[in-house]
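Colleague: curious how this folds, go ahead:
(one chain, ligands or ions: 1)
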Amino acid sequence: MSISLQHISKSFKGVTAVKDISFEVKEGELFGLIGPDGAGKTTIFRILTTLLIADEGTATVANFDVIKKYKNIRDNVGYMPGRFSLYQDLTVEENLEFFATIFGTTIEENYDLIKDIYIQIEPFKNRRAGDLSGGMKQKLALSCALIHKPKVLFLDEPTTGVDPVSRKEFWEMLKRLQQKGITILVSTPYMDEAALCDRIALIQDGKILQIDTPEEIVKHYPKNIFNVKTDNMYKLIESLNKYPHNHSVYPFGEFVHYTDERSNFNPKDLYNYLENKGLKNIVIKPTEATIEDTFMELAR
Ligand SMILES: Nc1ncnc2c1ncn2[C@@H]1O[C@H](COP(=O)(O)OP(=O)(O)OP(=O)(O)O)[C@@H](O)[C@H]1O
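Modeller: Numbers count the residues shown, from 1 in each chain. So this is what the prediction gives:
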């Protein structure tokens with residue numbers, strides 16, 4: 001196992017950040033921690049990167065215990081924290097040199113690993129990190145986290161605040177790093193990114209709701225789910241929320257995802273109800289559950 005947590009708990013002055021968390025990440029796996037703000041993701045990262053000591057439980061990274069062998073862990077992991085890790089007043093190149101130096105290496109020695117990523121920001125190597133765009137900062141931070149060839153890479157919300165094109169590119173980069181044998185633990189609040197991981201843990205209020213492959217997680221969604229659309233989104237949501245048989249009602253892009261509490265639900269009944277409410281251009285059609293639907297269902 002590359003990462004292992006057994007019954008980890010951590011509280012801050014009476015606030016429980018994580019409670020009895022256990023999971024394992026295999027070598028070479030791309031594993032996602034998926035959950036909203038405050039779910040406990042950063043606390044898990046800080047415990048695994050030896051920056052915080054858990055109240056209870058044990059954890060190992062690259063087979064080193066986070067307490068007894070914390071120095072070995074620091075040599076073997078790369079960490080890209082959610083909030084910015086770069087020195088804003090140093091240039092792109094100076095930041096990278098700084099991280100290389102503290103790990104006793106050089107940019108040249110490890111250039112192969114970061115080349116794909118660094119090449120995109122190299123034209124700006126003399127620019128201060130503070131003056132880079134969000135996507136470029138993220139590429140520099142990833143290059144810095146990789147400069148000492150870590151076995152395990154920890155990425156805390158690496159795509160938060162990054163535009164959709166850069167997000168897509170970032171995930172492609174992660175896949176390439178994974179192919180080079182690096183184990184990756186990544187957190188994200190974006191449910192669409194969860195599908196790009198090998199396995200995910202859905203996490204809320206410091207507890208794990210479910211761990212599995214993204215495919216298995218959606219397969220176990222317990223209800224039939226429908227895409228509903230009309231001429232008036234606001235009135236549609238209001239009407240669905242008032243419908244006495246609703247089980248769940250969530251806006252989802254141009255549709256509302258609707259589930260009914262009855263096992264013998266006939267969409268025609270809902271159609272008639274919405275028509276009576278004065279809604280027009282009503283569409284009700286079955287759809288597949290997404291990870292977001294599963295998360296909402298588990299979090300109820
Ligand atoms: N140093 C601290 N002191 C007090 N409370 C803390 C501390 N660190 C975390 N917490 C609390 O623990 C809970 C989990 O926080 P954590 O940062 O791990 O969540 P998260 O999933 O990473 O969310 P975010 O994306 O908002 O950072 C939150 O309620 C948070 O307020």
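Colleague: can we go C-alpha only for contacts and neighbour counts from here?
Modeller: Will do.
Colleague: near the ligand, anything from the helix or strand Q6 falls within?
Modeller: Q6 is part of strand 3-12 when elements are defined by DSSP states H and E. Yes. Strand 3-12 reaches the ligand (Cα under 6 Å from any ligand atom) through F12.
Colleague: by contact count, what packs against the next helix-or-strand element following that strand?
Modeller: Once strand 3-12 ends, the next helix or strand along the chain (criterion: DSSP H and E) is strand 15-25. In terms of contacts (3 or more Cα pairs under 8 Å, 6 or more residues apart in numbering; DSSP states H and E), strand 15-25 is packed against strand 3-12, helix 41-48, strand 207-212.
Colleague: how far away is Y111 from F295?
Modeller: Here the criterion is Cα to Cα, to the nearest Å. By it, Y111 lies 40 Å from F295.
Colleague: which one's more surrounded, the two?
Modeller: F295 (21 against 17; other Cα atoms under 10 Å).
Colleague: specify the local secondary structure of that one.
Modeller: helix (DSSP: H, G, I helix; E, B strand; the rest coil).
Colleague: which non-adjacent residue is nearest it?
Modeller: L202 (6.9 Å; Cα to Cα, 6 or more residues apart in numbering).
Colleague: pretty sure the one you found sits against F31.
Modeller: No. Shown here, L202 and F31 do not form a contact pair, counting by Cα atoms under 8 Å, at 11.0 Å.
Colleague: relative to E169, how far out is the closest residue to I121 other than its chain neighbours?
Modeller: Nearest residue to I121 in three dimensions, chain neighbours excluded: M136, at 6.5 Å (Cα to Cα, 6+ apart). Using Cα to Cα, M136 is found at 11 Å from E169.
Colleague: again with H220
Modeller: 30 Å.
Colleague: more neighbours: which of the two?
Modeller: Comparing H220 with E169 by other Cα under 10 Å, the one with more neighbours is E169, at 13 against 10.
Colleague: three-state assignment of the closest residue to Y70 other than its chain neighbours?
Modeller: The shortest distance from Y70 to any non-neighbouring residue, by Cα to Cα, 6+ apart, is to T50 (5.9 Å). Assigned by three-state DSSP, the conformation of T50 is coil.
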